[in-house]
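Asks: Structure, please.
(chains A and B)
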Protein chains: 2
Amino acid sequence: MKIIVDAFGGDNAPLEILKGCAAAVSEYDANIILVGSKAKIEQVANDNGILLYHMEVVDAQDAITNEDDPSEIMKTKNKSSMAEGLRLLSKGEGDAFISAGNSGALVMGATFIVKRIKGIKRCAFAPIVPKDKGSFMLIDAGANVECRPEMLKQFGIMGSIYMNKVMGIKNPRVGLVNVGTEEHKGGEFQKATYQSMIEEDKLNFVGNIEARSIPEDAADVVVTDGFTSNVILNLYEGVSMTLMKKIKNVFSTNAKTKLAGALMMKEMNELKTQMDYNEFGGAPIMGLSKPVFKAHGNSNAKTFKNAIRLTMNYVNGKVTQEIADAISVDSNDFTE
Amino acid sequence: MKIIVDAFGGDNAPLEILKGCAAAVSEYDANIILVGSKAKIEQVANDNGILLYHMEVVDAQDAITNEDDPSEIMKTKNKSSMAEGLRLLSKGEGDAFISAGNSGALVMGATFIVKRIKGIKRCAFAPIVPKDKGSFMLIDAGANVECRPEMLKQFGIMGSIYMNKVMGIKNPRVGLVNVGTEEHKGGEFQKATYQSMIEEDKLNFVGNIEARSIPEDAADVVVTDGFTSNVILNLYEGVSMTLMKKIKNVFSTNAKTKLAGALMMKEMNELKTQMDYNEFGGAPIMGLSKPVFKAHGNSNAKTFKNAIRLTMNYVNGKVTQEIADAISVDSNDFTE
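Replies: Next up, the predicted model:
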């Protein structure tokens, strides 16, 4: 299997990306195409004793940053490592593309260069988020602020296939975020989406779910529009961070609590990692004709190596083909 | 000052309500009108040694429950203690009404019986929610799933006045929940609301805020539609609960962490209370011609007593008059 890697995406590129690739080559038998400034890649590899074994380098002089407007990937930044990598994928030079760079640019670039599966209305950005035990997929998280009900139904189908094939969850439960669990809850959009999903045989639709129950275990695939999911992801992080900060303050209250803090420092750090979705599984971009995966922007070597493993599972699970098959049966139901 | 109290609202009515009223009479010089079954109130007071000093009782045989559809307050439940209490307020028999009962019914009943301030498009349910330090108002939280931009602007004005007059915050910062802080973020609805709010002199509008920064300290008045606020409140609770549960599990990991748990049990319980919005300030219903306050459904004597104090501040702060004045200047801007 050959994975195309954006060597200049993310806060710690290219060093941590190269280290992560080297680890993936040795641990998972991956073959890598590194995209980015050949001179810089070779110099960083040389300076840090990284062997570019099973890696070829495709030169791209430019790189897109998080400060760039996503649409620049089709304009001034169409020679960036991200755009070049997506073109290589599109031409069949590799099996998947992975980047830790600008999420918006990645979704937009992938949609234009790699293109959607026939019948898919919109691509979706779908992070894997930790819950009490295990994780769930939040779909769509950011790409589509305004959605139509049939798009959310497709998000549910795509998420279901991913959680089954890549995460090994049998018959994944799909839930729709709403203000209450009853069928009649929400506005016109939620009601129409509920109807569209309940009538779909391919979904194990558990109905409306309240945000309260998401961190516990409401569903394996949490479906919502891009606005609501942004609020969910953001608040997940915000409440966790504030609470962890408050606990840290509790530890420094008095001699007893200071001792308590020292006694459980290791376990608390583990918990912090567990609850931080930045440490977690990254985000596949769903609905594309070939697998594209977003690693976290702050990826270090270890998290990037893990992201490569998830991307390989995404390829091995034949997720793209499964989605195409599931949608093609339906595609007459949809109007462009 | 005379506060009208729904004696049969909430999970612990009437006993905890009566105890809370007795405490408020002795601590804050409140005068109370208790509404509900006179026979039951007198029996419970008698059985528990509660003196109904400075309290009169207005008989109402029926009560509305959380299982009742909110609209029943205008139909089969129009003789309930909640409906009777709202009618007493409307007739000028007291200065404010407070209930720990069915929130939806309270908003609907108050809108029909007490009526809105002239020029106010929609009443808003506006809980006071804990943040890292202090609290913020979330408006609207539940009453209006589908809103127009000018409604959100009014929510901002009303929330501002409340946080200033009742909570003592000087020049409260008003923020609009969005998917990013930049002016152009979000869909058409968010863009139009942003414009409407930025042009309003009566608001200290800090612009768009991301959900991530709400628990820290993004604003004193967090403005959004009823759908988004439901997700925010629910997730606030869900993430806190899941995290606290995980920390409890950490405490039971091994002998060291068990000792740590024992050492900081008191402080952790205090933190849990701090983060639980059910323990916090309740929710004024904003935009009515007279003050109506929702105490938490699980109120005990102490939380209900606190809710009475907040309701008295709501009256003393002349919030209703301030809102009427602020809106009347504007009312030509609005179409019904």
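
Asks: host element of A:F136?
Replies: Assigned by DSSP states H and E, A:F136 belongs to strand A:135-139.

Asks: for A:N208, same thing?
Replies: strand A:204-209.

Asks: partner strands of that strand, parallel or antiparallel?
Replies: strand A:173-177 (parallel) (DSSP bridges).

Asks: For the strand it pairs with, which outside residues touch it?
Replies: With CB atoms under 8 Å, 6 or more residues apart in numbering or on different chains as the test, strand A:173-177 has contacts from A:152, A:156, A:159-160, A:190, A:193-194, A:197, A:203-211, A:214, A:218-224, A:228-229, A:232, B:231. The way it works is simple: take the backbone N, C-alpha and C, and place the C-beta from them, glycine included.

Asks: how near is the closest residue to A:G109 other than its chain neighbours to A:I64?
Replies: Take A:G109 and drop its neighbours on the chain: the residue closest to it by CB to CB, 6 or more residues apart in numbering or on different chains is A:I73, 4.1 Å away. Distance from A:I73 to A:I64, counting by CB to CB, to the nearest Å: 6 Å.

Asks: For A:D132, grab the count of nearby residues.
Replies: Other residues within reach of A:D132, judged by other CB atoms under 10 Å in any protein chain shown, total 17.

Asks: again, but for the one 10 residues further on
Replies: For A:G142, the tally of surrounding residues (other CB under 10 Å) stands at 21.

Asks: Ok, A:G317 next?
Replies: A:G317 has 18 neighbouring residues, counting by other CB under 10 Å.

Asks: Same question for A:D217.
Replies: The tally of other residues near A:D217 (other CB under 10 Å) stands at 14.

Asks: Looking at it now. What's its pLDDT?
Replies: According to the prediction, A:D217 has pLDDT 92.

Asks: Keep only those of the contacts of strand A:173-177 that are in strands.
Replies: Applying DSSP state E to these, the entries found in strands are A:204-209, A:221-223.

Asks: Now distance to A:E182, pLDDT and neighbour count too, for the residues you listed, in JSON lines please.
Replies: Conversion of these to JSON lines gives the following (distance: CB to CB, whole Å; pLDDT from 0 to 100; neighbours: other CB atoms under 10 Å in any protein chain shown):
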{"residue": "A:N204", "distance to A:E182": "19", "pLDDT": "98", "neighbour count": "18"}
{"residue": "A:F205", "distance to A:E182": "15", "pLDDT": "98", "neighbour count": "23"}
{"residue": "A:V206", "distance to A:E182": "13", "pLDDT": "98", "neighbour count": "17"}
{"residue": "A:G207", "distance to A:E182": "9", "pLDDT": "97", "neighbour count": "17"}
{"residue": "A:N208", "distance to A:E182": "7", "pLDDT": "97", "neighbour count": "23"}
{"residue": "A:I209", "distance to A:E182": "12", "pLDDT": "97", "neighbour count": "22"}
{"residue": "A:V221", "distance to A:E182": "20", "pLDDT": "98", "neighbour count": "29"}
{"residue": "A:V222", "distance to A:E182": "18", "pLDDT": "98", "neighbour count": "28"}
{"residue": "A:V223", "distance to A:E182": "17", "pLDDT": "97", "neighbour count": "33"}
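
Asks: how does chain A divide up, domain by domain?
Replies: What automatic domain parsing lists as the domains of chain A is A:1-120+A:287-336, A:130-277.

Asks: Distance to B:A23 for the ones you listed - can I get that in TSV?
Replies: Below are those laid out as TSV (distance: least, CB to CB, whole Å):
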stretch	distance to B:A23
domain A:1-120+A:287-336	51
domain A:130-277	29
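
Asks: Confidence-wise, which helix or strand of chain A is lowest on average?
Replies: Least confident helix or strand, chain A: helix A:265-275 with a mean of 80, by mean pLDDT, DSSP states H and E.

Asks: Output the contacting helices and strands for that helix.
Replies: Other elements packing on helix A:265-275 under the criterion 3 or more CB pairs under 8 Å, 6 or more residues apart in numbering or on different chains; DSSP states H and E are helix A:226-251, helix B:226-251.

Asks: residues from the stretch 51-200 of chain A in reach of chain B?
Replies: A:131-132, A:142, A:145-146, A:177, A:179, A:186-188, A:190 (CB under 8 Å from any CB of the partner chain).

Asks: and these, which two are the farthest apart?
Replies: Taking every pair in those and measuring CB to CB, the maximum separation is 32.8 Å, between A:D132 and A:E188.

Asks: how about the helices in the stretch 1-150 of chain A?
Replies: Assigned by DSSP state H, counting those that start in this stretch, the stretch 1-150 of chain A shows helices spanning A:15-28, A:38-47, A:81-90, A:103-113, A:149-165.

Asks: Including mean neighbour count, could the ones you listed go into CSV?
Replies: Formatted as CSV, those follow (neighbours: other CB atoms under 10 Å in any protein chain shown):
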stretch, mean neighbour count
helix A:15-28, 21
helix A:38-47, 15
helix A:81-90, 25
helix A:103-113, 23
helix A:149-165, 25
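
Asks: Now mean pLDDT and distance to B:L51 too, for these, in JSON lines please.
Replies: Output for those, formatted as JSON lines (pLDDT from 0 to 100; distance: least, CB to CB, whole Å):
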{"stretch": "helix A:15-28", "mean pLDDT": "96", "distance to B:L51": "71"}
{"stretch": "helix A:38-47", "mean pLDDT": "97", "distance to B:L51": "80"}
{"stretch": "helix A:81-90", "mean pLDDT": "98", "distance to B:L51": "75"}
{"stretch": "helix A:103-113", "mean pLDDT": "95", "distance to B:L51": "64"}
{"stretch": "helix A:149-165", "mean pLDDT": "96", "distance to B:L51": "58"}
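
Asks: possible to save those as a markdown table with distance to A:F136?
Replies: Putting the helices of the stretch 1-150 of chain A into a markdown table (distance: least, CB to CB, whole Å) gives the following:
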| stretch | distance to A:F136 |
| --- | --- |
| helix A:15-28 | 25 |
| helix A:38-47 | 36 |
| helix A:81-90 | 27 |
| helix A:103-113 | 19 |
| helix A:149-165 | 8 |
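
Asks: Alright, I will stop here.
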